[in-house]
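A.B. asks: Requesting a structural model of the entry that follows:
(chains A and B)
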Amino acid sequence: MAERYTSFEPGGTRWLWQRLTAAFLVIVLAFHFFLLHFVNHADEVTFAMSQARMQELTYFSLMILFLVTATFHGVNGVYNALVNQGLSGSRKTAVKAILGIASLVLIVQGVRTAIAWAGGVPI
Amino acid sequence: MSQSYNRGLIEDFGRWREFSAGMWAWIFHKFTGWVLVGYLFTHIAVLSTALSGAAPYTNTIQALESLLVVRILEVGLLAVAVFHILNGLRLLFVDLGVGLEAQDKSFYASLILTGVIVVASVPTFLAGVSI
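C.D. replies: From the prediction side, this is the model:
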């Protein structure tokens, strides 16, 4: 019987969601880099160009989903790495709460920024 | 058949000379993950200048992108992201039961492909920067 080299709980949904968000992020992160560095160039960035993209509902909703999945994947990865290093007990609970709040702040700030670009939700 | 891959504790970094390819892959994936999540928070903070209006956002981004050090850091970010993507794909396949026997070779392939993509991207990433 192989030993388990993971700190994820057996059959846990966090393990599954880490993989599902990974599969999504592989594609969207590659798209993000390609669009914003190869199609559009770093020295040409303006508010108006970002605004034009964000006013498209497809792009806007993709970026919101990108923000939420990247935040979950990143923060869940950090939490798991800390558990792997031996985090447990009340410190584990405290770290979980802090990471949860940090995620929420990041998502709210990201959504506010996207709405500022688009001038409202582009429906 | 399940096999045991017990090579001891990876968290014991002091024995890094004994590490196998898979253990390096694990460490690189953690390291690049930490960098990417750190960057995510920084990225949203910088983009938040859009909340102050069009001019502050455009001026901030253009001022940052005019600095050579920022462009070099972006190449570093690309390297970190590409490796995390390629090694992540490797992990997803292994999780699905594909390629466990060749996991060391796919790690080396991830490293080589990362190097090729990053080197090929350098001219694009440095375009228009003033030195």
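
A.B. asks: Any stretches of chain B with poor pLDDT?
C.D. replies: B:1-13 (pLDDT under 70).

A.B. asks: ranges for the helices of it?
C.D. replies: B:21-47, B:54-65, B:68-95, B:103-126 (DSSP state H).

A.B. asks: could you give the angle of the biggest helix by length in chain A to helix B:54-65?
C.D. replies: Across chain A, the longest stretch assigned as helix under DSSP H is helix A:89-118. In terms of direction (axes from the mean of the first three to the mean of the last three Cα atoms, to 10 degrees), helix A:89-118 departs from helix B:54-65 by 120 degrees.

A.B. asks: Contacts only, for the residue most central in space within chain B.
C.D. replies: Closest residue to the average C-alpha location of chain B: residue B:80 at 1.7 Å, with Cα atoms, centre = their mean. Residue B:80 sits next to B:32, B:35, B:36 when contact means Cβ atoms under 8 Å, 6 or more residues apart in numbering or on different chains. In short, each C-beta sits where N, CA and C put it, glycine included.

A.B. asks: And the residues you listed, which of them are buried?
C.D. replies: When these are checked for burial by 16 or more other Cβ atoms under 10 Å in any protein chain shown, the buried set is B:32, B:35, B:36.

A.B. asks: Need phi/psi at residue A:88.
C.D. replies: phi -160, psi 170 (degrees, to the nearest 10).

A.B. asks: what about it, how many neighbours?
C.D. replies: 9 (other Cβ atoms under 10 Å in any protein chain shown).

A.B. asks: separation between it and chain B?
C.D. replies: Residue A:88 sits 14 Å away from chain B, going by Cβ to the nearest Cβ, to the nearest Å.

A.B. asks: what's near enough to touch that residue?
C.D. replies: Not one residue lies near residue A:88 by Cβ under 8 Å, 6+ apart.

A.B. asks: and what of residue A:107?
C.D. replies: A:67, A:68, A:71 are the contacts of residue A:107 under Cβ under 8 Å, 6+ apart.
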